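Novice: What follows is a predicted structure for the sequence shown.
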Amino acid sequence: MKKPRVEEIVKVLAAGGIVVLPTETVYITAADATNPEAVKKLCLYKNRPLGKPFSVAVTDMKMANDYVELNQTAKELYKKFLPGPVTVISKGKHKTASGIESEIGTLGIRIPDYKLVLEVVKRLGRPITATSANASYQRRPYKIADILDNISEKQKKLLTLIVDVGELPHNEPSTVIDTTLDDLVILRQGEIKLKNVNEVSSRSEENTRNFGKELWQKYEHLLGTRAIVFALEGPMGAGKTQLTKGLARAAGIKDEIVSPTFNLELRYPTSRFELSHIDAWRLQDDDELEGLGFGQTINDKSVIVVEWADRVENTIRKYNEEAIIVWVNIKYGKKENERLIAWGNL
Amino acid sequence: MKVLAIDTSCDETSVAVTEGFRVLSNIIWSSASLHTQWGGVVPSLAQRQHEERIDWVITRALKVAGINLEEIGCVGVTVGPGLAIALGVGIKKAREIAQSLEIPILGINHIEGHILSPLALPKTSKDISITTDTVGVLGLAVSGAHTEVISIEKIVKKYKILAETQDDALGEALDKAARMLGLGYPGGAVLEKMAGLGNPEIYRLPLPMLGKEKELRLSYSGLKTAMWKLVNDLGPNLDKQQIYDLAASFQNMAFRHLVRILSQVLEDYPTKQIWVGGGVTANLELRKRLRKLGREAGVTVKFPYSMKLCGDNAAMIGIVTGLRIAGGLSSDNIDLVDRQPRLRIDAV
């Protein structure tokens, strides 16, 4: 394998090209974050509208300070975790191209613990985008094939250079922490945890769907070993079906996921497995879950999402050995549209 | 030809005898009515309950129709959409009957039954001629499981879904709102009564998909969330008037949303008739609003002639079976009549 040459990469980036680069987490699509044309191209590649922000990679805290206002909380996080798999969101100084900062002017900064990337940024002298190189809701890009197998020819043409260093270790994407509010808010959780529990904050239905995608990606590798049960609890309207929509989409299901309340169970086949979407809201007691063939579905090593899982908790827990059971709790947050989503062995 | 129709798509065990558009009997054994307390249906028993009841319901349907089983010329059975284990019971029974009588069997789409249910006529009706000439009608299915606007391009032959819910069904949303207000389950009907006593302007709830009507998508999850927050903010001890007003506000927005989407559909796909079926059709306020929309748009809105034809029932399946035979569609291969839990009407 040819050793990637820093000069070559920098040349492409400086000319407004998009480069796929390895990091300590996943492959990213790098573009000069101060070049509007490059950012537009990146939006086209990622197939997302302008307005959804991109995080950027810098070399150190000093460079970060040129692009965002670092408050005390942010500075402490930088000292403690960076370089490393953490993205810190601060108030932007509007020095990047339009479309990089969020609509409310915040910017996510990351200092990858990966020499090649740091050298490239240093040589370029400007931050580069650090968004993952996959198309939306596609599998995490740990190898180049993960990317190329899931994009169109048109998208491929937008990539000027691909730096292939083989398959990366399967590390979680970076933990995303928002420091612009009074409290620290975790928007995505990777290897680095700030609390003992797994908990992220969602600010919209779209965030919740996106979390569903991330949740799937955390457990996808266990597919086929045992059944995977996502046991969702949370009050009316918390977003359980929204979460399922994101999870199903990431799992490759193209059908629209709708509420299974009336039907009790809806099944969605994929080429690899069957997703069973169960709603326990109408169930009167625990045993009734068995009546839907829950045990058989577990035997089939299916993927099961149970809404209102607290209503049938005893039955679900009976399968602690046979299945991988992920409890997910969604709570209403303090702010309008805010949700706190905790998951794991709750 | 007399049709024996069976529907076990979810909670109800229903068997009907129909002839053309006439409903000779329509027996519905509802588990929901047996379990009106919280939670409603007992699904683990759904399969067993359907199995236990179906023979009795068949006997009853034949008796009310005043005929013997041997007079049946064809069997129609719901194959989907619905709960797999429940559908299976009706299908098994239908196949047994078709086999023993050596008569044709047809697998029918439950939603098709709902949107064609306004065609049903009472037993006493003189006109039993059946026609499949109708084209270019809009169908609206509103139930606990479905909210779909369908273009009936060619009756029993070609349908197209124009708008559907992307999350909760209308009937489900109403039931859930009723549950939030402590009105039991299924509470849609109680909610309607309470709403009639309330003022829909007291509490503010969002109109779903406002400004996005052109996308022709229905959604009730946002409205449900807003209602939950509202009820929570008001605290646990709601007084009667508050419950009335909350019920009125929710029902108002739920229906306004549907009517707005429907009037957008009418703009995009002009038609002369709308046929409405499904459990929520029993709601008189909804009927009133749909009729008003019809008057303004110069469209005739047709509902089923009886309340029994609104919710899940087998007579509507009999009507579709009769229409398919009249339309010259051959019967299905008995071995291929099988459950299709997520069957869509555009797959007919």
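Specialist: Perfect, thanks for sending it. Numbers count the residues shown, from 1 in each chain, chains lettered A, B, ... in the order given.

Novice: didn't B:Ala120 look like it was pressed against B:Leu24?
Specialist: No. The pair B:Ala120 / B:Leu24 is not scored as a contact, 10.9 Å apart, by CB atoms under 8 Å. Every C-beta, even on glycine, is put in place using the N, C-alpha and C of the backbone.

Novice: For the two, indicate the residue with more neighbours.
Specialist: More crowded of B:Ala120 and B:Leu24, by other CB atoms under 10 Å in any protein chain shown: B:Ala120, with 27 against 20.

Novice: List the residues that contact that one.
Specialist: By CB atoms under 8 Å, 6 or more residues apart in numbering or on different chains, the residues touching B:Ala120 are B:18, B:21-23, B:304-306, B:309, B:315-316, B:319.

Novice: of all those, which comes closest to chain A?
Specialist: B:Met316 (17.1 Å; CB to the nearest CB).

Novice: Could you double-check that the closest one sits in contact with B:Gly277?
Specialist: Yes. The criterion here is CB under 8 Å, and B:Met316 meets it with B:Gly277 at 6.8 Å.

Novice: between these two, who's got more neighbours?
Specialist: B:Met316 (37 against 30).

Novice: In chain B, where is pLDDT below threshold?
Specialist: Judged by pLDDT under 70, chain B has its weakly predicted residues at B:31-45, B:127-135.

Novice: which helix is the longest one in it?
Specialist: helix B:240-268 (DSSP state H).

Novice: picking up where we left off before, shared neighbours, B:Ala120 and B:Leu24?
Specialist: Counting by CB under 8 Å, 6+ apart, the residues touching both B:Ala120 and B:Leu24 are B:Thr18.

Novice: now the strands for the stretch 151-300 of chain A?
Specialist: With strands called from DSSP state E, counting those that start in this stretch, the stretch 151-300 of chain A shows them at A:161-162, A:175-178, A:185-188, A:198-202, A:227-233, A:265-269, A:274-279.

Novice: List the neighbouring strands of the longest one plus their orientation.
Specialist: What it means is strand A:227-233. Strand A:227-233 sits in its sheet next to strand A:303-307 (parallel), strand A:323-332 (parallel), going by DSSP bridges.

Novice: what does the last one give?
Specialist: Strand pairing for strand A:274-279, determined by DSSP bridges: strand A:265-269 (antiparallel), strand A:303-307 (parallel).

Novice: going on from the last one, what's the next piece of helix or strand?
Specialist: Sequence order places helix A:313-317 as the next helix or strand after strand A:303-307, per DSSP states H and E.

Novice: so can I have CSV of the strands paired with strand A:227-233 showing mean pLDDT and mean neighbour count?
Specialist: Converted to CSV, those look like this (pLDDT from 0 to 100; neighbours: other CB atoms under 10 Å in any protein chain shown):
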stretch, mean pLDDT, mean neighbour count
strand A:303-307, 97, 28
strand A:323-332, 95, 20
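
Novice: so which of those strands comes closest to A:Thr160?
Specialist: Of all the strands paired with strand A:227-233, it is strand A:303-307 that lies closest to A:Thr160, at 37.5 Å by CB to CB.

Novice: Could you list the residues in contact with that closest one?
Specialist: By CB under 8 Å, 6+ apart, the residues outside strand A:303-307 that reach it are A:223, A:227-232, A:240-241, A:244, A:247-248, A:251, A:260-261, A:273-281, A:289, A:294, A:297-298, A:312, A:316, A:323.

Novice: Thank you, goodbye.
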